[in-house]
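> Sequence first, then the predicted structure, then my questions.
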Amino acid sequence: MTDTPNPRFYDYVTPITVSRDDSYDFKAAGPVRRAALHDRDGRLLGHVWTDDRQAAGFTRVEDPEPDMAYARGRVNQILTDAHKAGLPPVSSWTPTCTHQTSSCA
């Protein structure tokens, strides 16, 4: 063995941001309300929820079928777009779909 320490132990470590705040918070700041989200065949995909203040998200069903995988990604994209537009979380949750029919799940 050598007495020379590994130079990697002396590298300067610079913290970097690996994610951005692109969507609403996932921790509710109070009571939440939720709405069931169904596909066109009437199957429950999960629930969209919000605390009406700063948090919103999607909770999928416990045992989704493989073809239901798109739901979480689509809802997260809608929430991200609303957040980037500066809308409060409650505004992204409306009982009527405002998107094209093909994109509403």
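Cool, got the structure.

> quick one: residue 64 is in a helix?
No. Assignment of residue 64 by DSSP: H, G, I helix; E, B strand; the rest coil gives coil, placing it outside any helix.

> right, and it touches residue 45 too?
Yes. Assessed by CB atoms under 8 Å, residue 64 is found in contact with residue 45 at 7.3 Å. Glycine gets a C-beta too; all of them are placed from N, C-alpha and C.

> Which neighbours do the two have in common?
Shared contacts of residue 64 and residue 45, defined by CB atoms under 8 Å, 6 or more residues apart in numbering, comprise residue 71.

> More neighbours: these two, which one.
A count of neighbours by other CB atoms under 10 Å puts residue 45 above the other of residue 64 and residue 45, at 22 against 15.

> so how far is residue 46 from residue 74?
Distance of residue 74 to residue 46, computed by CB to CB, to the nearest Å: 11 Å.

> For these two, indicate the residue with more neighbours.
With neighbours defined as other CB under 10 Å, residue 74 and residue 46 compare such that residue 46 has more, 21 against 17.

> need the next SSE after whichever strand or helix holds that one, C-terminal direction.
Assigned by DSSP states H and E, residue 46 belongs to strand 44-50. Beyond strand 44-50 in the direction of the C-terminus, DSSP H and E gives the next helix or strand as strand 56-60.

> quick one, the helix or strand following that next one and strand 44-50 angle?
Next in sequence after strand 56-60, counting helices and strands by DSSP H and E, comes helix 70-84. Orientation of helix 70-84 against strand 44-50 (axes from the mean of the first three to the mean of the last three CA atoms, to 10 degrees) gives an angle of 20 degrees.

> Buried residues, helix 70-84. List them.
By 16 or more other CB atoms under 10 Å, the buried positions in helix 70-84 come out as 71, 72, 74, 75, 78, 79, 82, 83.
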